[in-house]
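> Got a predicted structure plus its sequence, pasted below:
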Amino acid sequence: MSNADIYHEMIIDYSRNPVNYGKLEDHDVTYHDSNPLCGDSIDIDMKIDDNKVSDIKFHGKGCAICMACSSVLTEIAKGKDLDEVKNISKNDVLSELGLENLQAVRIKCALLSLKVLKYALYSYLGKHLEGDQDVDKLKEEAANLY
């Protein structure tokens, strides 16, 4: 079995049996976005304790790549401190599933959950900042996300 076959099997398995799928009733932040071109629609709920993602879940619908990447992303983010989560990159998610050379038409499917996670995180951080300098720094970071 080649690496491509292994990754293909992983994508299928994650899409059929997503990890961290569901809703968090007691979340600190939630965010939703969709990709109208292909119909993917993802919500991410996060519980944050002591500046760490103590729990994270996603729900929605999407293609196999979207669901697999959402599962992988939640596995990566769970238990990490917020600075580490801020630094999760598209390559961190794509490389877990062998999708580094994904076609441009499918990249939005693969990265929708990362976009939702980053918006959720920055929304949470924006509500919990204390000074104007912190807000300005956060806005600058957020502007450079994509």
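Perfect, I can see it now.
> low-confidence ranges in this structure?
Along the chain, the model assigns pLDDT under 70 to residues 1-4, 129-146.
> mind listing the strands for it?
If you assign secondary structure with DSSP state E, the strands in the chain sit at 29-35, 40-49, 52-61.
> Include distance to N20 when you put the ones you listed into TSV, please.
C-beta here means a position set from N, CA and C on the backbone, and glycine is covered the same way. Putting the strands of the chain into TSV (distance: least, Cβ to Cβ, whole Å) gives the following:
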stretch	distance to N20
strand 29-35	14
strand 40-49	9
strand 52-61	5
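> Turn those into JSON lines, including mean neighbour count and distance to I11.
As requested, these are arranged in JSON lines below (neighbours: other Cβ atoms under 10 Å; distance: least, Cβ to Cβ, whole Å):
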{"stretch": "strand 29-35", "mean neighbour count": "17", "distance to I11": "17"}
{"stretch": "strand 40-49", "mean neighbour count": "21", "distance to I11": "14"}
{"stretch": "strand 52-61", "mean neighbour count": "19", "distance to I11": "16"}
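> For P18, which of those is the nearest?
Nearest to P18, of all the strands of the chain, is strand 52-61, at 7.6 Å by Cβ to Cβ.
> follow-up on the earlier one: which one, of the strands of the chain, ends up nearest to D83?
Proximity to D83 (Cβ to Cβ) singles out strand 52-61 among the strands of the chain, at 10.0 Å.
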